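# I need the structure of the sequence given here:
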Amino acid sequence: MGNRIPDEVVNQVQQSADIVEVIGDYVQLKKQGRNYFGLCPFHGENTPSFSVSSDKQIFHCFGCGAGGNVFSFLRQMEGYSFTEAVSHLADKYQIDFPDDITIHSASRPESSGDQKMAEAHELLKKFYHHLLMNTKEGQEALDYLLSRGFTKELIDEFEIGYALDSWDFMTKFLKKRGFEEELMEKAGLLIRREDGSGYFDRFRNRIMFPIHDHHGAVAAFSGRALGSQQPKYMNSPETPLFHKSKLLYNFHKARLPIRKEERAVLFEGFADVISAVSSGVKESIATMGTSLTEEHVKILRRNVQEVILCYDSDKAGYEATLKAADLLQKADCKVRVSMMPDGLDPDDYVRTRGGGKFKTDIIDASVTVMAFKMQYFRKGKNLSDEGDRLAYMKEVLKEISALSGSLEQEMYVKQLASEFSLSVESLTEQLSIYAAQNAPGGKNAEPQPRRARVTTKAKRRRLRPAYENAERLLLAHMLRDRNVIKKVIERVGFEFNIDGHRALAAYLYAVYEEGADMTPQHLMARMQDDEISQLLSDIGMLQINEELSEAELSDYVKKVLDHRKWSMIKEKEAERADAERQKDFVKAASLAQEIVALNRSLK
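Okay, here's the model as predicted:
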């Protein structure tokens with residue numbers, strides 16, 4: 001058999017793997033008509049142009065051109081080889097996969113080393129958890145967690161563990177099981193001694209929180225010190241498995257709750273996430289020791305539009321909230337903020353006031369970013385004092401002037417006017433001054449009347465010439481009806497003008513002659529050329545009539561063949577002009593006759 005997957009296995013996997021369900025694990029899809037739409041995971045966009053067809057079991061992005069079937073999606077998304085993609089889906093849908101098929105990785109040249117790192121992390125996660133739950137060495141750590149409100153069920157759910165108070169226990173443990181020390185240092189689990197004499201454990205006498213990648217594999221650890229050692233929290237360093245700027249804690253578990261609730265709740269640390277999940281907020285995630293990045297935002301936006309920020313209530317938390325909100329809003333996310341009482345972080349709030357109140361009074365009571373700013377501006381001010389009141393109103397008006405929507409501006413101006421018994425007109429006048437200062441020209445610029453924003457798509461679809469549209473429509477009908485293929489073979493053959501169209505037509509001719517299945521998903525399963533596969537997905541998404549009339553067919557064929565004749569006429573006219581320059585009048589006359597014949601055939 002070699003390494004070729006039997007066709008019957010590929011077909012069984014393809015029939016079982018619903019493309020909407022598979023892509024839905026990566027992209028938030030909404031049904032529009034017969035297809036599903038979402039934000040393309042392969043390029044940045046704010047308006048959904050990524051389409052998935054449940055009927056045809058294919059996807060296509062009208063923005064960047066990516067397309068294919070369920071296998072090619074995983075190949076493009078995860079960097080899988082074809083064999084890896086089939087194996088992954090076979091495992092997901094519990095289909096027997098041949099044991100004698102060697103699965104080659106298409107994307108990980110260091111996959112053997114990465115695999116050993118992943119195995120070591122998985123092994124240590126289980127061993128750390130065992131030490132915490134079942135040994136006297138881990139009892140102090142367990143008692144501490146229980147005193148902090150952790151239940152044993154919650155400890156099991158998040159697979160929390162304990163690292164022994166030893167310099168080299170894990171070093172010996174890993175070495176004994178065949179893991180190379182140098183590779184384990186690269187994995188962030190060991191540290192090389194300064195004198196070069198060996199290695200020692202990175203994590204010692206710490207409560208261990210495993211950090212999973214977005215597919216659920218352990219990629220790193222975060223250890224909380226039990227004693228007085230510093231730092232209080234220690235995370236794994238950046239490794240081939242762990243990139244904190246691209247990883248969101250608990251995302252592998254929160255993905256489905258995020259889809260269900262149609263929101264994500266973002267925290268600053270994993271302890272807050274664990275407390276929030278225990279409160280019933282299953283859609284909780286966190287950044288790992290870093291500010292929110294554009295990579296994080298892309299991951300979130302592909303899965304959900306609404307994001308609730310729940311950061312600490314201090315100045316650093318306020319600034320982090322504004323920075324995160326700005327990034328999210330630029331990606332067209334709907335942002336709300338859960339405001340924590342002074343002096344409490346989310347973990348403290350859950351422990352002291354209970355999970356029920358945290359969910360209802362903090363998360364579900366989230367406010368807009370502007371309302372959050374207004375609340376923050378009130379801190380430290382006595383609004384019954386004229387000076388503080390004026391300072392507060394100026395701060396709020398400056399923020400309102402920066403809002404992009406005129407309706408939103410008007411709402412907050414009216415709210416401010418009502419609160420302090422002022423006229424809307426006076427506040428609007430002051431707002432115009434601040435708006436002018438924000439505009440190009442700065443403080444000296446004159447106030448300008450507000451203008452409605454006009455948004456246009458950055459990329460307009462290229463207008464295709466008639467012959468190209470005719471070729472695309474012919475191919476679309478060929479995909480739907482075998483009888484059309486026979487007619488196109490007879491009338492057009494290989495005379496398509498576009499190289500990709502010619503290649504796809506040749507492929508369809510071959511499949512037609514074999515009598516094989518002509519559906520797009522089955523065609524793609526046999527294709528090795530990504531460009532032709534994307535072209536097939538693009539044409540497969542075209543909306544066409546159920547039946548192709550003889551008049552339509554003749555019109556399409558004429559446009560295709562006529563363009564080829566026009567191209568030949570231009571080529572021969574250039575040749576004739578060259579022959580005349582060379583004074584080769586016999587050749588020029590012959591070419592002129594050919595041009596006349598071609599022109600006559602066009603009429």
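# Could you check how far the nearest residue to Y93 once chain neighbours are set aside is from L523?
What sits nearest to Y93 in space, not counting adjacent residues and going by Cβ to Cβ, 6 or more residues apart in numbering, is S16, at 4.3 Å. For glycine as for every other residue, the C-beta is placed from the backbone atoms N, C-alpha and C. Remark: distance between S16 and L523 (Cβ to Cβ, to the nearest Å) = 19 Å.
# Also L422?
For L422, the distance to L523 - Cβ to Cβ - is 68 Å.
# Same check on R351?
58 Å.
# Compare these two (neighbour count), which wins?
Shown here are R351 and L523; by other Cβ atoms under 10 Å, L523 has more neighbours (22 against 17).
# what's the helix or strand for that one?
Here L523 is covered by helix 520-526, with elements defined by DSSP states H and E.
# could you give me the average pLDDT of that helix?
For helix 520-526, mean pLDDT is 74.
# Report the distance from it to the chain centre.
How far helix 520-526 lies from its chain's middle: 25 Å, per Cα atoms, centre = their mean, to the nearest Å.
# quick check: domain ranges of this structure?
7-92, 111-235, 251-376, 380-444, 466-598 (automatic domain parsing).
# could I get these as JSON lines with distance to L241?
What follows is the domains of the chain, written out as JSON lines (distance: least, Cβ to Cβ, whole Å):
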{"stretch": "domain 7-92", "distance to L241": "15"}
{"stretch": "domain 111-235", "distance to L241": "4"}
{"stretch": "domain 251-376", "distance to L241": "13"}
{"stretch": "domain 380-444", "distance to L241": "40"}
{"stretch": "domain 466-598", "distance to L241": "27"}
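# mean pLDDT lowest for which of the ones you listed?
Looking at these, the weakest mean confidence is domain 380-444, a mean of 79.
# picking that back up, next SSE after the helix holding L523?
helix 530-540.
# which secondary structure elements does that next one contact?
strand 58-61, strand 67-68, helix 70-78, helix 466-480, helix 499-514, helix 520-526 (3 or more Cβ pairs under 8 Å, 6 or more residues apart in numbering; DSSP states H and E).
# And these: which comes nearest V488?
helix 466-480 (5.9 Å; Cβ to Cβ).
# The closest one versus helix 530-540: what angle between them?
If you take axes from the mean of the first three to the mean of the last three Cα atoms, to 10 degrees, helix 466-480 sits at 90 degrees to helix 530-540.
# What are the contacting residues of helix 466-480?
464, 484-485, 488, 492, 496-498, 501, 504-505, 508, 518-520, 523, 536, 539-540, 542, 544, 546, 548, 553, 555-557, 559-560, 562-563 (Cβ atoms under 8 Å, 6 or more residues apart in numbering).
# Just the buried residues from those residues, in ChimeraX please.
A single ChimeraX command suffices to select whichever of the contacts of helix 466-480 are buried according to 16 or more other Cβ atoms under 10 Å:
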select :484,485,488,492,496,497,498,501,504,505,508,518,519,520,523,536,539,540,548,553,556,557,559,560,563
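# I'd assumed I207 was in a strand, is it?
Yes - applying DSSP: H, G, I helix; E, B strand; the rest coil, one finds I207 inside a strand.
# How many residues are close by it?
I207 has 26 nearby residues by other Cβ under 10 Å.
# unless I'm mixing things up, it is touching L145, no?
Yes - with contact defined as Cβ atoms under 8 Å, I207 counts as touching L145 (6.7 Å).
# Now do the shared contacts for those two.
Going by Cβ under 8 Å, 6+ apart, residues that sit against I207 and also against L145 are L132, I160.
# between the domains of the chain, which gets nearest to F242?
It is, among the domains of the chain and with distance given as Cβ to Cβ, domain 111-235, at 3.9 Å.
# Centre of the chain to that closest one, how far?
30 Å.
# still on that earlier bit, quick one: contacts for the residue nearest to Y93?
So S16 contacts L89, Y93, I95 (Cβ under 8 Å, 6+ apart).
# L89 versus the last one, what's the distance?
Using Cβ to Cβ, one obtains 8 Å as the distance from I95 to L89.
# Looking at these two, which is more packed in?
L89 (21 against 16).
# which SS class is that one?
Going by three-state DSSP: L89 is helix.
# got a list of what it touches?
Counting by Cβ under 8 Å, 6+ apart, the residues that L89 touches are V13, S16, A17, V22, V70, F71, L74, I95.
# Quick one: neighbours of the third one, just the number.
It refers to A17. 23.
# ok and the longest helix along the chain relative to helix 466-480, angle-wise?
The longest helix of the chain (DSSP state H) is helix 550-581. Here the directions of helix 550-581 and helix 466-480 differ by 140 degrees (the same axes, to 10 degrees).
# Flag every buried residue along helix 550-581.
552-553, 556-557, 559-561, 563, 569, 572, 575-576, 579.
# quick check, nearest of those residues to S81?
Nearest member of these to S81, counting by Cβ to Cβ, is V560, at 36.9 Å.
# No further queries at this time; thank you.
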